[in-house]
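Participant: let me see the structure of the following:
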Amino acid sequence: MRRGSPAIIALVLAFSAALPLVAQEISFTASVDRNAIAAGDQVRLTITLANSQERFTPPDLGGLVVVAGPHESSSFNFINGRTSSTVTRTWVLSATQPGKYTIGPARVKVGRGTIETESITIEVSKGQVQGSDPAVQRAQQGDPNLFIIVSLNRSKAYVGEPVVASYHLYNRYTGLEAPKSEPPQLNGFWSEELNTESARWEEKVVNGIGYRVILIKQQLLFPQRSGKLRIEPMTLNCIVNRNFFNRGTAVDVRSNAVEFTALPLPGGAPADFSGAVGELTLEVQADRKQVKVNEAIEVTVRLSGRSNLKLVDAPKLSFPSDLESYEPKVTDKISVSAQGMSGSRGFQYTVIPRHEGRYDLGAIDMSYFDTRTGTYKSLRSEPLVIDVAPGDASTITTTAPSLRSDVVALDSDIRFIRSGDARLRLKGHGLFGSWPWVAGMSAPGLLFIGFTFWDSRRRRLMGDAEGLRRSRAEKAARRRLQEAAAALKQGQAAPFYAALSKAMHGYVADKFGLGIADVNERELRRRMGHTPDGDEVSAQLLKLIAHCDMARFAPVEDQPRAELYEEALVLIQRIERFARA
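Facilitator: This is a model prediction of the structure:
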């Protein structure tokens, strides 16, 4: 009996130790703190797994958005010889729009079977969201984790009045990269890029969901035509949640499109109105007012203030015919910010008097549209008077005549004997009747006829604004390309691409009588399709303009700037040959 007792005692102890383990029950439950919420409110989902060390699969949230979580907690207890363990995961969820949402079952494998939680239904009613941007709500419903919102600081403005377009990125991912982007298409706008390097991430809550928000792009836009204008969406190719162990996930995000109303300028614009819109002052100066014949004078016309200065063309000045003038040199001191475009634009005219005298250049008039009052305002400078004295080259030197020239006839049969070169000519070989004589006598008449033809053509062109614009297109383009050449020489990328784009846009618009905003593929093919290689030239031209716009809007340069500049010159020459053919 004593020999068997140790074995019996061991069996009893083993059976007693197994009782707590057999008595443990595995439970797997899911619960929410409420089953009905309003859009933008939050609901807490809790899933609890008891007495199992297996990992469970989280449920399908049925369209609800994770605001926070999952947060995991665990506990282990040993009481009176009994052990128990619990693992709990908690999510904070929200809905962006009303409806019925179903949280699917969570699953866990236990032994050879699978345990599931019960599905849960959440009723979401329409919430009272105040001050929320409808565009943000629509974007959030499309992708609640990552989206771009384009907003304008005003919904309507006059043609030429600045508008600020801001592009904000809303993000909920822990890791975000944006290696590629496609800038928005701007139809009917002239644009200037604003500096966003100082932008920082900010925290913002939309419909109960927290986001990190940053300004990724900002533009100053100037509408160029009246009516409904549209800013097309911006596209961003992102990679999210990339780390050492994960290559990340590619996500393409596309912003909303924005419509804008450009108000036409009132009728009755003054004759000297050149498109300036804003608040301006006029100043006219000459570097000197007393000169000699053939000495150059620099006359500077400067516009200053807050306006669309970069789009203002040089005023057309009428100088007296005795003053020779040249195309003005443009000097800009302009700054661009979210408050608009401000500074000054100067037009420096070189004038050379060819005759002495006193020249009254009169006052110079210019007009602009004042957006504060909604009226046109005229600017008038002080009269400018230039005194021109005789130059050194115009001084006439008089010498005493030779005594022999003063000899008079004493009688008809005896004359002074002339020595030296008698300058005798053969009879019939004099000036009269020779071709120089004929040319000299015919020249005034031919010159008069030529002048009459030139003046008639000039008057016809002055009456034909479009024809005058076409005839001066190449000259205006080369003047604008000088700004691009200066920026190229100084290594300034943004001014180079802006000047090159403006030169090519302006040239095509002038040459074909188009508006700046009407320069597009369809219009160019219609205008040039009938010429040899017209389709090829129009395609190259559009490609060049698109390249300039891409380089302005995004830090991408896949072709040297010098090659782009030369390509622009060649394209202008080819189009000029087409026009003459």
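Participant: what residues sit buried inside stretch 188-202?
Facilitator: Counting neighbours by 16 or more other Cβ atoms under 10 Å, one finds that the buried residues in stretch 188-202 are 188-194. C-beta here means a position set from N, CA and C on the backbone, and glycine is covered the same way.
Participant: likewise stretch 138-157?
Facilitator: 139-140, 144-150, 152, 157.
Participant: which of the residues in stretch 25-37 are buried?
Facilitator: In stretch 25-37, counting by 16+ other Cβ under 10 Å, buried: 28, 30, 32, 37.
Participant: what secondary structure does A250 sit in?
Facilitator: strand (DSSP: H, G, I helix; E, B strand; the rest coil).
Participant: which strands or helices does the top helix by length along the chain pack on?
Facilitator: In the chain, taking DSSP state H as the definition, the longest helix is helix 435-463. With contacts taken as 3 or more Cβ pairs under 8 Å, 6 or more residues apart in numbering; DSSP states H and E, helix 435-463 sits against helix 465-471.
Participant: distance from the very next helix or strand once past the helix it packs on to the middle of the chain?
Facilitator: The helix or strand immediately downstream of helix 465-471 is helix 473-490, counting by DSSP states H and E. Relative to its chain's centre, helix 473-490 lies at 19 Å (Cα atoms, centre = their mean, to the nearest Å).
Participant: who are the packing partners of helix 473-490?
Facilitator: So helix 473-490, by 3+ Cβ pairs under 8 Å, 6+ apart, packs with helix 493-512, helix 561-580.
Participant: what's the last one packed up against?
Facilitator: Counting contacts by 3+ Cβ pairs under 8 Å, 6+ apart, helix 561-580 packs against helix 473-490, helix 493-512, helix 534-553.
Participant: quick one: closest of the ones you listed to A257.
Facilitator: helix 534-553 (16.5 Å; Cβ to Cβ).
Participant: hmm, back to that, tell me the one of the buried residues of stretch 25-37 nearest G113?
Facilitator: Ranked by distance to G113 (Cβ to Cβ), the buried residues of stretch 25-37 are led by F28 at 11.5 Å.
Participant: how about the buried residues of stretch 138-157 in a markdown table, adding secondary structure and distance to G208?
Facilitator: Formatted as a markdown table, the buried residues of stretch 138-157 follow (DSSP: H, G, I helix; E, B strand; the rest coil; distance: Cβ to Cβ, whole Å):
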| residue | secondary structure | distance to G208 |
| --- | --- | --- |
| A139 | helix | 16 |
| Q140 | helix | 11 |
| P144 | coil | 11 |
| N145 | coil | 14 |
| L146 | strand | 17 |
| F147 | strand | 16 |
| I148 | strand | 21 |
| I149 | strand | 18 |
| V150 | strand | 24 |
| L152 | strand | 27 |
| A157 | strand | 35 |
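Participant: alpha carbons of the host helix or strand of Y359, as PDB, please.
Facilitator: In the assignment (DSSP H and E), Y359 maps to strand 357-362. In PDB, the C-alpha atoms belonging to strand 357-362 read as follows (Å, rounded to 0.1, in the frame of the first residue of the first chain):
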ATOM      1  CA  GLY A 357      16.200 124.500 -81.500                       C
ATOM      2  CA  ARG A 358      13.700 124.300 -78.600                       C
ATOM      3  CA  TYR A 359      11.500 121.200 -78.600                       C
ATOM      4  CA  ASP A 360       8.400 121.000 -76.500                       C
ATOM      5  CA  LEU A 361       7.600 117.300 -76.000                       C
ATOM      6  CA  GLY A 362       4.400 118.200 -74.200                       C
END
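Participant: what residues of it count as buried?
Facilitator: 359, 361.
Participant: that one - contacts with which helices or strands?
Facilitator: strand 384-389.
Participant: list the contacts of the strand it packs on.
Facilitator: With contact meaning Cβ atoms under 8 Å, 6 or more residues apart in numbering, strand 384-389 is reached by 284, 286, 289-293, 297, 299, 323, 351, 353, 355-364.
Participant: can I have it written out in PDB, keeping just the CAs?
Facilitator: Only the C-alpha atoms of strand 384-389 are listed here, as PDB (Å, rounded to 0.1, in the frame of the first residue of the first chain):
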ATOM      1  CA  LEU A 384       9.000 118.300 -71.000                       C
ATOM      2  CA  VAL A 385      11.000 121.000 -72.900                       C
ATOM      3  CA  ILE A 386      14.400 120.200 -74.500                       C
ATOM      4  CA  ASP A 387      16.900 123.000 -75.600                       C
ATOM      5  CA  VAL A 388      19.300 121.900 -78.400                       C
ATOM      6  CA  ALA A 389      22.300 124.000 -79.100                       C
END
